[in-house]
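# I would like the atomic coordinates for the input below:
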Amino acid sequence: MKNRLPLSKKIKEALIHGGFLVNAVLVILVLLGIFVLLIWTSLPAFEQIPLKEFLFSSNWNPTSYVRESYGMLSMLVSSLLVTLGAMIFAVPISIGAAAFISDLASNRVREIAKPVVEILASIPSVVIGFIGITLIGPSIAKVFDLPDGLNAVNGSILLGIMAMPTIISLTEDALKSVPKSYTEASLALGATKWQTIIRVRIPAASSGIIAATMLGMGRAIGETMTVLMATGCAGAMPNSLFDSVKTMTSVIAIELGEVAYGTAHYYALFVVGLALFLITFAVNLAAEIIFNKKQKR
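Prediction:
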C-alpha cells in the first residue's frame, strides 16, 4: 500500500503551497501595477509633446521661456555610456575575484572574502557617492589634467563597484556548477590549474557569467544617488567618458519633487521613468532567459 500523509501534514503542505502562490502572484501584480501606472501617467505627455522629440532630440529644457523642450536622447546616451563604462571596469575584476574565491582561495580566505563581498553590496549608494566626490573624482582630474572629476568616468567606476557584488556572487555560483569532471579531465591532460580556469571552467560557465553581467548591468543602470553626486549632471550630449553627464535617473530625482502636478513637464518625467523601466526589465529578462538555458543544459 502507498504511504499516505496524515491529514495535518496535508493541510500544512497545502497552506505552504498556497502561501508561496499568493506571494508569487502578489509580486507579479505589483510589477504589472507599476507598469500600468507608468503607462497611464505617461499617456498625457504624448498628447502635448511629439514622440519624435522625446526619442531623437537631445535638448531637455522644461523651464525655457521661449519653448519648452523634452528630448531625452542625451539622457539615454549618458545612462548607456556610464553603464557600459561600469561593465568594462567591473566585469574583468569580478570574474577574476569569483574565480579566485571558487578555485584558488583556501577555506579560511574564502570565509573572509565572501562576507567582504556581501558587505560591499550593503554600502549605501550615498556613501559610494561621497567616495567618488572626495577621492576618485579628484584623482581622475589630477591624472588626466581635467578641471574636475565629476564626469562619466567617475560615475562608471562607482557604478562598477556597486555592481561587483552581484556579478561576483553569481559568477562564483556559475563556476561551482561546472562539473568536476571537466576540471579533472583538463588536469589529467597536463593543463595547469590556471589554464584549466581560463580555458575550461570559465568558458563552461559562460552563460551564467553573461547572466551575472546583465544583472549587474541592470543594477548599474537603475542607480540614482551615486550618478547624481559624481557625474556633474550636465544636460548636454556627451562626447566622451570625460564629459559630465546627466542620466535618466538623475533627471527624475532632481526634477520630480519640484515639478507642478499635471503639467507637460510632470508627465514627461513619467515617460523617462517608463523608458528606464522598459530598459531595466529587458536587461533582467534577457539575463533570466540566459540563466534558464544554462540550467536546462
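
# CA only for contacts and neighbour counts going forward, please
OK.

# where does Pro179 fall, phi/psi-wise?
phi -60, psi 140 (degrees, to the nearest 10).

# Report how many residues lie close to it.
Counted by other CA atoms under 10 Å, the residues lying close to Pro179 total 12.

# Correct me if wrong: Gly235 contacts Lys246.
Yes - with contacts counted by CA atoms under 8 Å, Gly235 reaches Lys246, the gap being 5.5 Å.

# anything in contact with each of those two?
Shared contacts of Gly235 and Lys246 (CA atoms under 8 Å, 6 or more residues apart in numbering): Ser74, Met75.

# any idea where the helices of the stretch 151-297 of the chain begin and end?
152-176, 180-188, 193-196, 202-204, 206-221, 225-230, 248-255, 264-296 (DSSP state H, counting those that start in this stretch).

# would CSV of these with mean pLDDT be doable?
Formatted as CSV, the helices of the stretch 151-297 of the chain follow (pLDDT from 0 to 100):
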stretch, mean pLDDT
helix 152-176, 92
helix 180-188, 89
helix 193-196, 89
helix 202-204, 90
helix 206-221, 88
helix 225-230, 90
helix 248-255, 90
helix 264-296, 84
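
# Throw those helices into a markdown table and include distance to Phe56 and mean neighbour count, thanks.
Compiled in a markdown table, the helices of the stretch 151-297 of the chain are given as follows (distance: least, CA to CA, whole Å; neighbours: other CA atoms under 10 Å):
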| stretch | distance to Phe56 | mean neighbour count |
| --- | --- | --- |
| helix 152-176 | 21 | 26 |
| helix 180-188 | 50 | 13 |
| helix 193-196 | 48 | 15 |
| helix 202-204 | 39 | 18 |
| helix 206-221 | 20 | 25 |
| helix 225-230 | 23 | 25 |
| helix 248-255 | 15 | 19 |
| helix 264-296 | 13 | 18 |
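
# Which of those sits closest to Ser139?
For the helices of the stretch 151-297 of the chain, distance to Ser139 was read as CA to CA. The smallest value, 9.5 Å, belongs to helix 152-176.

# now for that closest one, which elements pack on it?
Packing partners of helix 152-176 (3 or more CA pairs under 8 Å, 6 or more residues apart in numbering; DSSP states H and E): helix 73-99, helix 107-122, helix 125-131, helix 206-221, helix 225-230.

# Tyr267: which of these is closest?
helix 73-99 (16.5 Å).

# any weak-confidence spans in the stretch 1-150 of the chain?
Scanning the stretch 1-150 of the chain for pLDDT under 70 picks out 1-5, 7.

# picking that back up, quick one, which of the helices and strands packed on helix 152-176 gets closest to Ile198.
So among the helices and strands packed on helix 152-176, helix 73-99 is nearest, using CA to CA, at 9.1 Å.

# which of the residues in that closest one are buried?
Buried positions in helix 73-99, judged by neighbour count with 16 or more other CA atoms under 10 Å: 73-87, 89-91, 93-95, 97-99.

# about what we covered before: with distance to Leu146 added, can I get the helices of the stretch 151-297 of the chain in CSV?
Shown next, in CSV, are these (distance: least, CA to CA, whole Å):
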stretch, distance to Leu146
helix 152-176, 12
helix 180-188, 48
helix 193-196, 40
helix 202-204, 38
helix 206-221, 25
helix 225-230, 15
helix 248-255, 23
helix 264-296, 31
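
# Select, out of those, the one closest to Val66.
helix 264-296 (14.9 Å).

# That closest one vs helix 73-99, what angle?
Here the directions of helix 264-296 and helix 73-99 differ by 30 degrees (axes from the mean of the first three to the mean of the last three CA atoms, to 10 degrees).

# i'd like the first residue to be 38 from this point on
Yep, numbering from 38; the last one is helix 301-333 now.

# what's the distance between helix 301-333 and the middle of its chain?
The chain centre lies 10 Å from the centre of helix 301-333; the measure is CA atoms, centre = their mean, to the nearest Å.

# Same question for stretch 71-87.
Its chain's C-alpha centre and that of stretch 71-87 lie 25 Å apart, by CA atoms, centre = their mean.

# Please save the CA atoms from it in CSV.
What follows is stretch 71-87, C-alpha atoms only, in CSV (Å, rounded to 0.1, in the frame of the first residue of the first chain):
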residue,chain,number,x,y,z
ILE,A,71,3.9,49.7,-11.7
PHE,A,72,4.0,49.2,-15.4
VAL,A,73,0.3,50.2,-15.8
LEU,A,74,0.8,53.3,-13.6
LEU,A,75,3.8,54.4,-15.7
ILE,A,76,1.9,54.0,-19.0
TRP,A,77,-1.2,55.7,-17.7
THR,A,78,0.7,58.7,-16.3
SER,A,79,2.9,58.9,-19.5
LEU,A,80,0.0,59.0,-22.0
PRO,A,81,-0.9,62.7,-21.4
ALA,A,82,2.7,63.6,-22.3
PHE,A,83,2.3,62.3,-25.8
GLU,A,84,-0.8,64.5,-26.4
GLN,A,85,1.4,67.6,-25.8
ILE,A,86,4.8,66.5,-26.9
PRO,A,87,5.7,64.7,-30.2
